[in-house]
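> Need a 3D model of the following:
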Amino acid sequence: MENLQEASVIDNYGIIIASSKKSEIGHLYSTFYNINFLSTDSARLNTQSGNSIIITSPIFERDRKVATLSIHYQLANIDQYFK
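As a prediction, this is how the structure comes out:
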């Protein structure tokens, strides 16, 4: 998947606790992405700066949100998908 940039798990304090991009672990999510992407109780498709798509989805334990999954895709030629 050449368009996949990274996948991360973010705790409820906005800190990246796991990531395929090791340099992001321990940093605030807001350092790299819009913090509002985390404020959802269902999966959401977000766009950021040009051709970036960030999919976020809450992770629940029983009935409480414990973290959020964030997956970042960079689409080089996004226009080709909308013609």
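
> With residue 43 as the reference, measure out to residue 7.
14 Å (CB to CB, to the nearest Å). Every residue, glycine included, has its C-beta placed from N, CA and C.

> Between those two, tell me which one has more neighbours.
residue 7 (15 against 10; other CB atoms under 10 Å).

> next structured bit after the helix or strand harbouring the more buried one?
Using DSSP states H and E, residue 7 falls within strand 4-11. Note on strand 4-11: by DSSP H and E, the next helix or strand toward the C-terminus is strand 16-19.

> Now stretch 7-16: buried residues?
For stretch 7-16, a neighbour-count test (16 or more other CB atoms under 10 Å) marks 8-10, 16 as buried.

> and what of stretch 49-60?
So for stretch 49-60, counting by 16+ other CB under 10 Å, buried means 53-54, 56, 58.

> residues in contact with residue 11?
By CB atoms under 8 Å, 6 or more residues apart in numbering, the contact set of residue 11 is 17, 66-67.

> What is the burial count for residue 30?
14.

> State the distance from it to residue 39.
Taking CB to CB, one finds residue 30 at 12 Å from residue 39.

> likewise residue 62?
Taking CB to CB, one finds residue 62 at 20 Å from residue 39.

> Looking at those two, which is more packed in?
Shown here are residue 62 and residue 39; by other CB under 10 Å, residue 39 has more neighbours (11 against 5).

> if we can go back for a sec, over the strand holding residue 7, what's the mean pLDDT, rounded is fine.
For strand 4-11, the mean per-residue pLDDT is 96.

> Quick one: distance of that strand to the chain centre.
5 Å (CA atoms, centre = their mean, to the nearest Å).

> do the same with stretch 17-26
On CA atoms, centre = their mean, the centre of stretch 17-26 falls 12 Å from that of its chain.

> same deal with stretch 51-64?
Counting by CA atoms, centre = their mean, stretch 51-64 comes out at 8 Å from the chain centroid.

> next one: stretch 36-54
7 Å.

> For the worst-scoring helix or strand of the chain on mean pLDDT, give me every contacting residue.
Every helix and strand in the chain was compared by mean pLDDT, DSSP states H and E; the lowest is strand 44-48, with a mean of 90. Residues outside strand 44-48 that contact it (CB under 8 Å, 6+ apart) are 33-34, 37, 53-57.
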